[in-house]
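Q: With the sequence up front, the predicted model follows.
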Amino acid sequence: MIRHRRVFYLNSANRLGGTDASECTLQINIPSHEAFTHVLVVEANIPKSYYLVQAGYNTFTIVENTVPRTITLTPANYGATCFATCLTAALNAGAPAGWAYAVSLPSTMQPQTGKWTFTVAGNNSQPSIVTTTNLYEQLGLDANSTNSFVANTLVSTNVIKLQSEDALYLHSDIVTEVGDDTLQEIYTVGIPDFGIINYKCTEWAVMAKPIKSMKGNTYRFALTDENGRVMNLNGLNWVMTLMVFSVDLPLTLKV
């Protein structure tokens, strides 16, 4: 049972610090004389303005004749045809003389595997694609793997993923759970690129998090993917309704 509460309306555009709405410091004027036990995101609107290929995570390596070469893709959203075209161009730009790459999915007359086929012609050795944790899902390869062409061909290990994040994680130091500062996870499936992700709490007893002891009125917020990488909202801001409240302990969870 909620005994006492206060509601705050937050806008990342009003941040006190931070270079982007995705990672910022906000002022929340929680009265120091009022004791609260929990914090909850009641509702949030987040622009899906981050890209499938994000700046800073947009490279991988190809090794040709034992020489590594960095392949860089432009930060943006991509469909399959555009991604294949741009990836082919990036592989061919700066390739050894006479080498020619192509990237394709199965044609409409073939069984659809959802995997890239990489081919190379005019080469005198077999290249390898080396991944880190960048772009590996878009390439259909395992993270931190070396993938060598065989007979001038390489087929993706996995089905490719050309959708932006399935879920976002809103972190904040207003939360006190040990080892986890996740204030709220927000699922994004079905939201089109450049649309608005709307989150509404449906069960406060499940979603509430223990609140830290009130010491000052500034709190850090960061919006990340499942790997903890901050999502770049490309200049747009999010808005959120935040509730702090106290309950009759113990808090009964409904699952």
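A: Now that the structure is in, tell me what you want to look at. Residues are numbered from 1 along each chain as shown.
Q: How about the residue nearest to residue 7 when sequence neighbours are not counted: which residues does it bridge to?
A: Spatial nearest neighbour of residue 7, excluding adjacent residues (Cβ to Cβ, 6 or more residues apart in numbering): residue 243 at 5.0 Å. Heads up, the C-betas are built off the backbone N, CA and C, glycines and all. Judged by DSSP bridges, the bridge partners of residue 243 are residue 7, residue 40.
Q: how much space is there between residue 243 and residue 188?
A: For residue 243, the distance to residue 188 equals 23 Å [Cβ to Cβ, to the nearest Å].
Q: Let's see the distance spanning stretch 33-44 from one end to the other.
A: 27 Å (Cα to Cα, to the nearest Å).
Q: With just CA atoms, put the longest helix seen in the chain into PDB.
A: Taking DSSP state H as the criterion, the chain has its longest helix at helix 80-92. Output of helix 80-92 as PDB, limited to C-alpha atoms (Å, rounded to 0.1, in the frame of the first residue of the first chain):
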ATOM      1  CA  ALA A  80      19.000  -4.900 -46.200                       C
ATOM      2  CA  THR A  81      19.500  -3.600 -49.700                       C
ATOM      3  CA  CYS A  82      21.100  -0.400 -48.600                       C
ATOM      4  CA  PHE A  83      23.300  -2.200 -46.100                       C
ATOM      5  CA  ALA A  84      24.500  -4.700 -48.700                       C
ATOM      6  CA  THR A  85      25.200  -1.800 -51.200                       C
ATOM      7  CA  CYS A  86      27.100   0.300 -48.600                       C
ATOM      8  CA  LEU A  87      29.000  -2.600 -47.200                       C
ATOM      9  CA  THR A  88      30.100  -3.800 -50.700                       C
ATOM     10  CA  ALA A  89      31.300  -0.200 -51.400                       C
ATOM     11  CA  ALA A  90      33.200   0.000 -48.100                       C
ATOM     12  CA  LEU A  91      34.900  -3.400 -48.700                       C
ATOM     13  CA  ASN A  92      35.900  -2.400 -52.200                       C
END
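Q: Hmm, residue 41 and residue 207 touching each other?
A: Yes: with contact defined as Cβ atoms under 8 Å, residue 207 reaches residue 41; the gap is 7.1 Å.
Q: So if I had to pick from these two, which one is more boxed in?
A: Counting neighbours by other Cβ atoms under 10 Å for residue 207 and for residue 41 shows that residue 41 has the greater number, 23 against 18.
Q: contacting residues for the more buried one?
A: Residues near residue 41 by Cβ atoms under 8 Å, 6 or more residues apart in numbering: 170, 183-184, 199, 201, 207, 240-242.
Q: if I look at it, how far off is residue 248?
A: Between residue 41 and residue 248 the distance is 22 Å, computed by Cβ to Cβ.
Q: From residue 179, how far off is the closest residue to residue 226 other than its chain neighbours?
A: Nearest residue to residue 226 in three dimensions, chain neighbours excluded: residue 167, at 6.3 Å (Cβ to Cβ, 6+ apart). Per Cβ to Cβ, residue 167 is found 19 Å from residue 179.
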